[in-house]
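**Q** Whatever this is, show me its structure:
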Amino acid sequence: MKSKSAMLILIVLTAVATYGVTALLMNIGERKAEAKNPFLLLAELDESVTDPAEWGKSFPHQYDGYLRTVDTNRTRYGGSEAYSKIDMVPEWKRFFAGYAFGVDYREERGHAYSLLDQKETLRTQDYKQPGACIQCHAGGMKHVYETLGDGDLNAGFAKVCAMPLEDVWTHVEHPVSCVDCHDPDTLALRVTRPGFLNAIKHVKGDMEYDPNTRATRQEMRTFVCAQCHVEYYFSKPGKLVTYPWANGLKMEEIEAYYDELDFTDWTHAETGAPMLKAQHPEFELWSQGIHARSGVACADCHMPYMRLGAAKVSDHHIRSPLLNISRACLPCHRFPEQEMLSRAEAVQDRTRSIMARAETALDDMITAIVDAKESGVSAESLEKVLAYHRKAQWRLDFIGAENSMGFHASQESARILAESIDYARTAEGLANWLSATQEK
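**A** Numbers count the residues shown, from 1 in each chain. This is a model prediction of the structure:
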């Protein structure tokens, strides 16, 4: 009797185990099939489909993430709220005296706001701006350029840059969209902005280089961001968007490029110095940091991978890694979340502290220059002082306009800010000496 009971129990256990193993294998098979077919195309896509909602029909998870770029979550030093930077640090109004940024300088919001924010800023409402400004604010610009250029991307690019911005707005409907970073035929990552396509050739030292055919996938996970998150200027006579990388990506290499052209963004209203305005040189500063040297791409931190069943996709809720530490940082850094946050904020706190000293030095320098002019010091005598003003403010603005508060390259940021303080204090001392000499 006992042997029969034992046999029955063994048969039942074997059946249960067999069922479990079979169910597991079936589940594994289903998940493998799911991974091979992560999406189903439910809408026809081509260059003209600039509405992210149309792409969202086939890629609902990515579209859901994109929609969340309207969120306004903040870190200690940044976020997606359109607050005024010049109200938070009033000295910057003086630094930008005589320039549109002295009237309206807001924190950037998420990608879903890129076109709306451009239309709402006083820099476009109160000042006439060229169509060049549209390059990184609207979706589907490749289609716009090719349409207006009769199929020629660069011809259309030149035409749009020279148009009034208000006229270009009539050709676009949506903010930065899926089609700007993904080929609608293959869905592969791609670069669509001519400004980057033209400039990266100088960085690579190869005038035939095309990232869309020669870059690695990991490089493309940075290049799709770098096509917009960069320093740029509008070259004459057609206001063509140009990235100043002919000499390299470092701050002083870009400065040397501008100096060789004798380029000036505006003349400072108080000092008369010929000024440069930094835009948002994230790619340039990142290129000097440890993450770039380690092969970490922008998307690894700002669009970290996430699991959806068996599929692995990039999180399209593009935001600061400090708001998503578990997936953005911990795959590489084996520390608790709070430890990683503390480390990052320590870098940013130190950078902001040096920035505050640079701001004070620049403010004191401007006062000294104004006093020197009022005491009768000639423009010729102040020429070297004004050259120092240009250098000091360019360095401070390079870090202030960059959106990581020094985190992308902490030592490089500290070096640049230290030079800013040095130039500002040197200019202040020379201006004071000239004033004292003039009075005698």
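**Q** And the helices in the stretch 101-250 of the chain, which stretches?
**A** Counting by DSSP state H, counting those that start in this stretch, the stretch 101-250 of the chain has helices at residues 114-120, 122-125, 141-148, 153-162, 165-169, 194-204, 211-214, 217-226.
**Q** now for the first one, which elements pack on it?
**A** Yep, that's helix 114-120 we're talking about. If you count contacts as 3 or more Cβ pairs under 8 Å, 6 or more residues apart in numbering; DSSP states H and E, helix 114-120 packs onto no helix or strand. Heads up, the C-betas are built off the backbone N, CA and C, glycines and all.
**Q** Which parts of that helix count as buried, going by neighbours?
**A** Buried residues in helix 114-120, counted by 16 or more other Cβ atoms under 10 Å: 114, 115, 117, 118.
**Q** And the last one, by the same measure?
**A** Buried residues in helix 217-226, counted by 16+ other Cβ under 10 Å: 219, 220, 221, 222, 223, 224, 225, 226.
**Q** shouldn't the third one be in contact with residue 298?
**A** It stands for residue 221. Yes - counting by Cβ atoms under 8 Å, residue 298 is a contact partner of residue 221 at 6.5 Å.
**Q** Leaving out the residues flanking it, which one is nearest to residue 423?
**A** Take residue 423 and drop its neighbours on the chain: the residue closest to it by Cβ to Cβ, 6 or more residues apart in numbering is residue 392, 3.8 Å away.
**Q** ditto for residue 301
**A** Setting aside the residues directly before and after it, residue 301 is nearest to residue 321 in space (Cβ to Cβ, 6+ apart), at 4.3 Å.
**Q** now that neighbour: how far from residue 423?
**A** Distance, residue 321 to residue 423, by Cβ to Cβ, to the nearest Å: 32 Å.
**Q** just residue 292 next, same as before
**A** For residue 292 relative to residue 423 (Cβ to Cβ), the value is 27 Å.
**Q** Of these two, which one has the most company?
**A** Between residue 292 and residue 423, residue 423 has the larger neighbour count (other Cβ atoms under 10 Å), namely 24 against 18.
**Q** hmm, back to that, kindly indicate which of the buried residues of helix 217-226 lies nearest residue 3.
**A** The closest of the buried residues of helix 217-226 to residue 3 turns out to be residue 221 (Cβ to Cβ; 64.3 Å).
**Q** how about the closest one, what does it touch?
**A** The contact partners of residue 221, taken as Cβ atoms under 8 Å, 6 or more residues apart in numbering, are 189, 297, 298, 299, 300.
**Q** Try it again at 6 Å.
**A** By Cβ atoms under 6 Å, 6 or more residues apart in numbering, the contact list for residue 221 reads 297, 299.
**Q** ok, which stretches of the stretch 251-400 of the chain are helices?
**A** Along the stretch 251-400 of the chain, the segments classed as helices by DSSP H, counting those that start in this stretch run 251-261, 282-286, 290-293, 298-302, 325-328, 337-374, 383-401.
**Q** Please identify the deepest-packed of the ones you listed.
**A** Mean neighbour count (mean count of other Cβ atoms under 10 Å) peaks for helix 282-286 among the helices of the stretch 251-400 of the chain, with a mean of 26.
**Q** could you give the mean pLDDT of it?
**A** Mean pLDDT, computed over helix 282-286, is 98.
**Q** where's that helix relative to the chain centroid, distance-wise?
**A** Remark: helix 282-286 is offset 8 Å from the chain centroid, using Cα atoms, centre = their mean, to the nearest Å.
**Q** neighbouring contacts of it?
**A** Counting by Cβ under 6 Å, 6+ apart, 226, 229, 230, 231, 249, 292, 402, 403, 408, 409 sit against helix 282-286.
**Q** same check, this time on stretch 46-58
**A** 39, 41-43, 63, 66, 139-140, 143, 174, 177-179, 184.
**Q** Find the pair from those residues with maximum spatial separation.
**A** Among these, the pair separated by the greatest distance (Cβ to Cβ) is 39 and 143, at 22.4 Å.
**Q** just to revisit the earlier point, count of neighbours near the residue nearest to residue 301?
**A** Residue 321 has 20 neighbours, counted by other Cβ under 10 Å.
**Q** residue contacts, it?
**A** For residue 321, the contacting residues are 301, 328, 329, by Cβ under 6 Å, 6+ apart.
**Q** For the first one, give its distance to residue 231.
**A** Distance, residue 301 to residue 231, using Cβ to Cβ: 21 Å.
**Q** Can you tell me which helix or strand of this protein has the lowest average pLDDT?
**A** helix 2-36 (a mean of 67; mean pLDDT, DSSP states H and E).
**Q** Tell me the pLDDT of the residue lying closest to residue 289 once chain neighbours are set aside.
**A** Spatial nearest neighbour of residue 289, excluding adjacent residues (Cβ to Cβ, 6+ apart): residue 409 at 3.3 Å. pLDDT for residue 409: 98.
**Q** Tell me who's in contact with residue 409.
**A** Per Cβ under 6 Å, 6+ apart, neighbours of residue 409: 285, 288, 289.
**Q** Kindly report the same for residue 149.
**A** The neighbours of residue 149, taking Cβ under 6 Å, 6+ apart as the test, are 155, 156.
**Q** at 8 Å instead, please
**A** Counting by Cβ under 8 Å, 6+ apart, the residues that residue 149 touches are 155, 156, 157, 158, 159.
**Q** any idea how far residue 165 is from it?
**A** From residue 149 over to residue 165 the distance is 18 Å, taken as Cβ to Cβ.
**Q** I'd assumed residue 112 was in contact with residue 71.
**A** No - if you go by Cβ under 8 Å, residue 71 and residue 112 don't touch, sitting 9.4 Å apart.
**Q** So for these two, which residue has more residues nearby?
**A** Applying other Cβ under 10 Å to residue 71 and residue 112 shows that residue 112 carries more neighbours, namely 21 against 16.
**Q** So that one versus residue 120, what's the distance?
**A** On the measure of Cβ to Cβ, residue 112 and residue 120 end up 14 Å apart.
**Q** ok so, going back, show me which of the buried residues of helix 217-226 is closest to residue 433.
**A** Closest to residue 433 out of the buried residues of helix 217-226 is residue 226 (43.8 Å), distances taken as Cβ to Cβ.
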